[in-house]
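In: Sequence unavailable; structure follows:
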C-alpha cells in the first residue's frame, strides 16, 4: 500500500486502519510522510509525536532534512508555529552538512515547505541558497540547467498553492529563471499567473485563483460566495470582473453586474473604497469610481485615485470630463502633472 492509499483511508475515517498500514511500510522516511499525511487529515498534533519518533530512524541525511520540513509544515498547518520553526531550523542545519550536489535540490524542497507554512521570506532565502548551490556545482552544463529548471518548476508549483500576496515574489523569481534561460512558453505562463495574482487580492486564495486562471468563472464565483462576505465578497467579484474584462471573456458583463449589486448593499471601509476606485476606474465605471474616490479621507490616496480616473478619461479622449476633475486634486504637483497630460493629449489629437 502506498502513502497516498494510507492517507485516503484516513480521509474515509479509517484512522486506526491507516496507522496499522503505516507499520507495514518498510522505509522510515515513507512512514514519516504517511503519519504526517494522517495528522493533516485528522487535524491532531498528537499524531505528529509518532512522526517525531520516526524522524530519528531516517538515515539518509537528505531524506532526514526533507522529513523534518514535512513535519514542520504539518505543525504550522495545525497551529504550532513555534515547533514548526524549531523543526525547520533543524532541517536547514542538516542541509548545511550535505554535499553540494544534494544540498541544492533538498534545499529547494525545504524552501517550498517553508513557503506553504507561511515563512515567505525564509522560503525566498532558501530558494536562493538552492539556486546558488546548483549554479556553483562542477557538473555538466546541461545537467546544471536541468536542475535549475526543476527548481523553477518547484517555485511555480509552490506559488500555485499560496495566496496571491504570498505567491507573487516566488512567481517573479521563477519567471526570472525561465526568462533568462529562454524557456519562453513557461515564462509566458508565469506572466499570466503574475498578472492574475496582482489583480486578485481579496479573491487571491488558490482555490479561487485556479478556476479564474482556467476561465471557470462560475466555479470561482461559487467559491467566493461560500467563503467571503460583505466588502471582501464584493471586491473579490469586482477583481474577477476586471480579469474577465482583460481576458475578453463574455462572463465579464454578468460579473460586473453582480459586483455592482454587491457593492450597492455593502458598507465599504476606507481601504475598500480605495481598492474599489482603482478597479472601477479600469472597468470604466467612472461615476461610481469618482464617488468612492471622493469618500476617501486620506488626501494622498484620494489624489492618486482621482489622478487615475483623469488618466482613464484622457485615454478615452474624454478631455472635457477630465478637466472638470482636476480641481479635486489637492496636491499642486499632481494637478500640474495631469493638466500637462490633458494638454499634451489634446495637442496630439489635433
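Out: Received, thanks. Given the structure is predicted, the values throughout are model-derived calculations rather than measurements.

In: Tell me the predicted confidence for residue 349.
Out: If you check residue 349, the pLDDT there is 61.

In: Over to residue 51?
Out: 87.

In: Confirm for me that it is in contact with residue 72.
Out: No - with contact defined as C-beta atoms under 8 Å, residue 51 does not reach residue 72; the gap is 10.2 Å. (Glycine included, C-beta is placed from N, CA and C.)

In: In terms of neighbours, single out the busier of the two.
Out: Using other C-beta atoms under 10 Å as the criterion, residue 51 and residue 72 rank with residue 72 on top: 28 against 25.

In: Pull the contacting residues for that one.
Out: By C-beta atoms under 8 Å, 6 or more residues apart in numbering, the contact set of residue 72 is 83-88, 91, 113, 117.

In: Quick check: nearest residue in space to it, chain neighbours excluded?
Out: Counting by C-beta to C-beta, 6 or more residues apart in numbering, residue 72 lies nearest to residue 87, which is 3.5 Å off, once chain neighbours are set aside.

In: Next, count neighbours for residue 278.
Out: 19.

In: show me what contacts it?
Out: Contacts of residue 278 (C-beta under 8 Å, 6+ apart): 305, 308.

In: For it, what are phi and psi?
Out: The phi and psi values for residue 278, taken as degrees, to the nearest 10, are phi -60, psi -40.

In: ditto for residue 191
Out: Here residue 191 shows phi and psi, under degrees, to the nearest 10, equal to phi -60, psi -40.

In: looking at it, it is touching residue 172, isn't it?
Out: No - using C-beta under 8 Å, residue 191 makes no contact with residue 172, being 10.1 Å away.

In: Pull out the buried positions in the helix or strand of the chain with the lowest mean pLDDT.
Out: Lowest on mean pLDDT, DSSP states H and E among the helices and strands of the chain sits helix 47-55, with a mean of 86. The neighbour-count check on helix 47-55 (16 or more other C-beta atoms under 10 Å) flags 47-48, 50-51, 54-55 as buried.

In: got it, and stretch 162-170?
Out: Buried residues in stretch 162-170, counting neighbours by 16+ other C-beta under 10 Å, are found at 162-164, 166-170.

In: Tabulate the residues you listed (JSON lines), appending pLDDT and distance to residue 22.
Out: JSON lines is the format used below for the buried residues of stretch 162-170 (pLDDT from 0 to 100; distance: C-beta to C-beta, whole Å):
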{"residue": "162", "pLDDT": "98", "distance to residue 22": "29"}
{"residue": "163", "pLDDT": "98", "distance to residue 22": "32"}
{"residue": "164", "pLDDT": "98", "distance to residue 22": "36"}
{"residue": "166", "pLDDT": "98", "distance to residue 22": "32"}
{"residue": "167", "pLDDT": "98", "distance to residue 22": "33"}
{"residue": "168", "pLDDT": "98", "distance to residue 22": "38"}
{"residue": "169", "pLDDT": "98", "distance to residue 22": "37"}
{"residue": "170", "pLDDT": "98", "distance to residue 22": "32"}
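
In: Show me what secondary structure element comes after the helix ranked longest in the chain.
Out: Ranked by number of residues, the top helix in the chain under DSSP state H is helix 141-160. Sequence order places helix 164-180 as the next helix or strand after helix 141-160, per DSSP states H and E.

In: Give the other helices and strands that that next one contacts.
Out: helix 120-135, helix 141-160, helix 184-199 (3 or more C-beta pairs under 8 Å, 6 or more residues apart in numbering; DSSP states H and E).

In: From what I see, residue 326 and residue 310 are in contact.
Out: Yes - counting by C-beta under 8 Å, residue 326 does reach residue 310; the two are 6.9 Å apart.

In: more neighbours, these two?
Out: Counted by other C-beta under 10 Å, residue 326 and residue 310 do not tie: residue 310 has more neighbours, with 29 against 16.

In: and the gap between that one and residue 120?
Out: 36 Å (C-beta to C-beta, to the nearest Å).

In: do the same with residue 83
Out: From residue 83 to residue 120 the distance is 19 Å (C-beta to C-beta).

In: before we move on, what about residue 311?
Out: Separation of residue 311 from residue 120 (C-beta to C-beta): 32 Å.

In: do the same with residue 112
Out: For residue 112, the distance to residue 120 (C-beta to C-beta) stands at 12 Å.

In: With neighbour numbers in mind, choose between the two.
Out: Using other C-beta under 10 Å as the criterion, residue 112 and residue 120 rank with residue 112 on top: 24 against 19.

In: Could you verify my assumption that residue 156 touches residue 174?
Out: Yes - between residue 156 and residue 174 there is a contact under C-beta under 8 Å: 4.7 Å.

In: ok, the closest residue to residue 148 other than its chain neighbours - contacts?
Out: Computed as C-beta to C-beta, 6+ apart, the closest residue to residue 148 that is not its neighbour in sequence is residue 134, at 5.7 Å. The contact partners of residue 134, by C-beta under 8 Å, 6+ apart, come to 104-105, 144, 147-148, 151.
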